[in-house]
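> please work out how this folds:
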Amino acid sequence: MQKKWNIHDLVLFKSREDANRHDPGVVVKVEKNSIKILLNDNMIENISFNQVVQTVAKNKKFSATDKNTNSLNIGDNVKVLEGFFRGSQGSIRHMFKNIVWLVCPEHEDNLG
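Residues are numbered from 1 along each chain as shown. Next up, the predicted model:
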């Protein structure tokens, strides 16, 4: 039986390196027998349905701070100041622990 996930869902899945660890990722494609997950390092991992542990509910009350102690909330527009995507701007789609996923219209790969 195929389970239902939607594009842009934040999910936890069983890590390939450590069976006791659950890694977060965002669904970017649902296929017949698997889903493609965008990891926090911008890599895509193809995982089977039975590797998904749960879908993480979006909590709009969740907030965090950046390294300059600016408050971050889901839906906020931000600019990336460091790293590979430096200079990119986008809206915060998901937050999980110390990881933030953005939707950046300027980046067409991985659905923005």
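> contacting residues for residue 95?
Taking C-beta atoms under 8 Å, 6 or more residues apart in numbering, we find residue 95 in contact with 62, 64, 72, 74, 101. For glycine as for every other residue, the C-beta is placed from the backbone atoms N, C-alpha and C.
> gap between it and residue 105?
Separation of residue 95 from residue 105 (C-beta to C-beta, to the nearest Å) stands at 19 Å.
> that older thread, where does confidence bottom out across the contacts of residue 95?
Of all the contacts of residue 95, residue 62 carries the smallest pLDDT score, 77.
> so what's the residue count around that residue?
By other C-beta atoms under 10 Å, 12 other residues sit near residue 62.
> which helix or strand contains the residue nearest to it when sequence neighbours are not counted?
Excluding the flanking residues, the one nearest residue 62 by C-beta to C-beta, 6 or more residues apart in numbering is residue 95, at 5.6 Å. Assigned by DSSP states H and E, residue 95 belongs to strand 89-96.
> and what of residue 54?
strand 52-55.
> give the partner strands of the helix or strand that comes right after that strand in its sheet and their orientations.
As assigned by DSSP H and E, the chain's next helix or strand after strand 52-55 is strand 63-65. When pairing is defined by DSSP bridges, strand 63-65 lines up against strand 71-73 (antiparallel).
> check which helices and strands the following helix or strand past the partner strand is in contact with.
Of the helices and strands lying after strand 71-73 in sequence (DSSP H and E), the nearest is strand 77-79. Counting by 3 or more C-beta pairs under 8 Å, 6 or more residues apart in numbering; DSSP states H and E, the packing neighbours recorded for strand 77-79 are strand 89-96.
> and the next helix or strand after the strand it packs on with strand 89-96, angle?
Where DSSP H and E defines the elements, the next helix or strand beyond strand 89-96 is strand 99-103. Counting by axes from the mean of the first three to the mean of the last three C-alpha atoms, to 10 degrees, strand 99-103 lies at 140 degrees to strand 89-96.
> done for today, thanks.
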